[in-house]
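[1] next come a sequence and a model predicted from it.
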Amino acid sequence: MASIHITSSSLLSSSPKTKTLLFHVNAAINVPKFPNLNPSLPSKKLFQELNGFSLSHTHNHTVIPSSQTNIAADRDLIRSELYAILEIVADRIEMHHNIGEQRNNWNTLLLNSINMITLAASTMAGVAGAAVFGGSAASLLALKLSSALLFSAATGMLVIMNKIQPSQLAEEQRNATRLFRQLQAEIETTLAIGNPTADDVKNVIAKVLALDKAYPLPLLGAMVEKFPERFEPATWWPSRRIRGGANLRRKEARIPRKNRNGWSEGLETELKEVMEVVKRKDVEDYERLGNLALRVNKSLAIAGPLLTGIAAVGSVFISPESSWSAIVPVMAGALSTAVNGVEHGGQVGMVAEMYRNCAGFFEMLEDSVEETIEEDVERRENGELFEMKLALKLGRSLSQLRDLAKKSAYSRTEGSTIDEFASKLF
């Protein structure tokens with residue numbers, strides 16, 4: 001670049017202000033000269049580095065994706081999916097909670113309404129019977145028709161109420177709310193640990209769908225059968241994969257004999273003995289109680305509408321010729337009120353559902369233990385942690401769980417029956 005040249009003589013003859021001005025002008029104009037660069041290469045390289053690529057030093061300039069960037073993106077996607085499922089689970093909790101309260105209100109309101117209708121109809125039938133001795137034909141007819149209509153209305157309402165079993169529906173929603181909250185806590189724990197995988201997402205989705213199937217929200221078409229042929233435990237967990245015998249033997253052969261990942265042969269034997277107690281005592285007891293509650297509920301559900309139907313028919317046949325004609329509808333109405341009070345006031349359907357849920361809980365424990373033992377040791381949950389969780393689920397300490405396993409082994413050796421249940425909670 002050009003610069004201004006000033007001779008020494010002129011510089012010497014200049015004033016101090018002129019010397020200072022010339023010095024600053026010369027410094028501003030003399031700019032250092034930079035080498036010529038290709039402007040396209042740095043921008044391309046910078047773009048590739050910012051987007052996770054690196055340039056090779058070969059002539060072809062092959063672009064290689066960064067594996068670390070892909071892994072981080074996959075983890076972010078998995079966490080986003082778990083957070084999305086967590087929002088859905090929270091919505092399910094609110095839905096089941098609200099619908100459970102609604103169906104509990106159904107049970108109370110329908111029971112009170114039906115009992116009031118039945119008692120009013122019984123009173124009218126009694127008054128009609130008394131009017132036989134001194135009432136007019138018109139008043140007698142009005143009382144008879146009113147009583148018959150009220151008994152018929154009570155019969156229809158009872159058929160619907162006994163079919164849907166509102167107390168049992170409310171218990172289903174309470175159980176669903178509790179189980180969805182468990183799932184919510186499980187997802188939050190997985191996210192807090194900080195290393196979720198794609199398998200975690202699949203398992204959570206399977207659990208959500210299994211809960212939706214076990215505790216459906218609609219009444220028509222998807223409602224759980226309230227009066228099955230035989231008692232069946234509830235199933236709200238995904239059915240485990242059935243493994244072939246050869247594959248199972250290979251997995252058992254790879255299990256080491258030494259303690260590894262908290263597991264040992266002694267721990268596996270202990271868990272199997274505990275599950276034997278669960279099968280022989282807890283599951284059998286709850287199946288027996290569940291079948292009993294189911295039979296009682298069936299009998300009461302049939303008896304209530306049958307009695308109100310008899311009362312409706314009996315009201316029509318109240319006549320002046322028979323002084324005993326009003327006894328049948330009055331007594332049938334009173335008995336129907338008592339039956340409805342026992343069935344729906346006592347919430348027999350809720351009790352049956354409670355037994356169904358408890359029996360399902362023990363079956364879930366069995367599946368969990370069997371599936372864990374069949375897995376490779378490296379893929380199992382830590383053995384000490386698994387043992388502690390099982391003990392707490394059964395309401396026991398670790399020492400109590402181990403004592404139970406010893407009692408079970410001793411009773412099987414001696415051929416006797418163990419006198420203790422596995423669970424201390426139910």
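    Alright, I've got the coordinates.
[2] all helices of the chain, in order?
    8-13, 16-29, 40-50, 67-131, 137-164, 166-193, 198-214, 245-254, 265-277, 284-316, 327-340, 348-374, 383-393, 398-414 (DSSP state H).
[3] for the chain, where's the lowest mean pLDDT among helices and strands?
    helix 245-254 (a mean of 41; mean pLDDT, DSSP states H and E).
[4] one step back: from the helices of the chain, which stretch is densest packed?
    The highest mean neighbour count among those, using mean count of other CB atoms under 10 Å, belongs to helix 327-340: a mean of 22. Every C-beta, even on glycine, is put in place using the N, C-alpha and C of the backbone.
[5] tell me the mean pLDDT for that one?
    Averaging pLDDT along helix 327-340 yields 93.
[6] so where's the stretch 201-350 of the chain uncertain?
    240-259, 323 (pLDDT under 70).
[7] as CSV, the helices of the chain with distance to residue 425 would be great.
    Compiled in CSV, the helices of the chain are given as follows (distance: least, CB to CB, whole Å):
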stretch, distance to residue 425
helix 8-13, 104
helix 16-29, 88
helix 40-50, 58
helix 67-131, 22
helix 137-164, 30
helix 166-193, 13
helix 198-214, 21
helix 245-254, 32
helix 265-277, 14
helix 284-316, 12
helix 327-340, 32
helix 348-374, 9
helix 383-393, 8
helix 398-414, 13
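[8] tell me which of those helices lies nearest to residue 220.
    helix 137-164 (9.9 Å; CB to CB).
[9] work out the gap between that closest one and the centre of the chain.
    42 Å (CA atoms, centre = their mean, to the nearest Å).
[10] who does that helix touch, helix- and strand-wise?
    If contacts are counted by 3 or more CB pairs under 8 Å, 6 or more residues apart in numbering; DSSP states H and E, helix 137-164 sits against helix 67-131, helix 284-316, helix 327-340.
[11] the longest one to helix 348-374, inter-axis angle?
    To tie it back to what came earlier, the one meant is helix 67-131. Inter-element angle recorded for helix 67-131 and helix 348-374: 160 degrees (by axes from the mean of the first three to the mean of the last three CA atoms, to 10 degrees).
[12] between helix 67-131 and helix 198-214, how big is the angle?
    Going by the same axes, to 10 degrees, helix 67-131 makes 10 degrees with helix 198-214.
[13] run the chain-centre distance for helix 67-131.
    Worked out by CA atoms, centre = their mean, helix 67-131 lies 13 Å from the chain centre.
[14] now do that helix, average pLDDT.
    Mean predicted confidence for helix 67-131 is 90.
[15] who are the packing partners of it?
    helix 137-164, helix 166-193, helix 198-214, helix 284-316, helix 327-340.
[16] the second one too?
    Packed against helix 284-316, as judged by 3+ CB pairs under 8 Å, 6+ apart, are the following elements: helix 67-131, helix 137-164, helix 327-340, helix 348-374.
[17] so can I have TSV of these showing distance to residue 321?
    TSV is the format used below for the helices and strands packed on helix 284-316 (distance: least, CB to CB, whole Å):
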stretch	distance to residue 321
helix 67-131	12
helix 137-164	12
helix 327-340	14
helix 348-374	41
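[18] export the helices and strands packed on helix 137-164 to CSV and tack on distance to residue 370?
    CSV is the format used below for the helices and strands packed on helix 137-164 (distance: least, CB to CB, whole Å):
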stretch, distance to residue 370
helix 67-131, 27
helix 284-316, 18
helix 327-340, 44
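[19] so which of those comes closest to residue 219?
    Of the helices and strands packed on helix 137-164, nearest to residue 219 by CB to CB is helix 67-131, at 9.3 Å.
[20] ok so, going back, which one of the helices and strands packed on helix 67-131 lies closest to residue 230?
    Comparing the helices and strands packed on helix 67-131 by CB to CB, helix 284-316 comes nearest, at 7.3 Å.
[21] roughly how far is that closest one from the heart of the chain?
    That offset, for helix 284-316, works out to 31 Å (CA atoms, centre = their mean).
[22] then stretch 373-385?
    24 Å.
[23] mind exporting the C-alpha coordinates of that stretch to PDB?
    Output in PDB follows, covering the C-alpha atoms of stretch 373-385 (Å, rounded to 0.1, in the frame of the first residue of the first chain):
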ATOM      1  CA  ILE A 373     -34.400 -66.500  37.600                       C
ATOM      2  CA  GLU A 374     -34.600 -67.600  34.000                       C
ATOM      3  CA  GLU A 375     -32.600 -64.600  32.800                       C
ATOM      4  CA  ASP A 376     -28.900 -64.500  32.400                       C
ATOM      5  CA  VAL A 377     -27.200 -63.300  35.600                       C
ATOM      6  CA  GLU A 378     -25.700 -60.300  33.900                       C
ATOM      7  CA  ARG A 379     -29.100 -59.100  32.800                       C
ATOM      8  CA  ARG A 380     -30.900 -59.600  36.100                       C
ATOM      9  CA  GLU A 381     -31.700 -57.000  38.700                       C
ATOM     10  CA  ASN A 382     -29.200 -57.100  41.600                       C
ATOM     11  CA  GLY A 383     -30.000 -60.100  43.700                       C
ATOM     12  CA  GLU A 384     -29.900 -58.300  47.100                       C
ATOM     13  CA  LEU A 385     -32.100 -55.500  45.800                       C
END
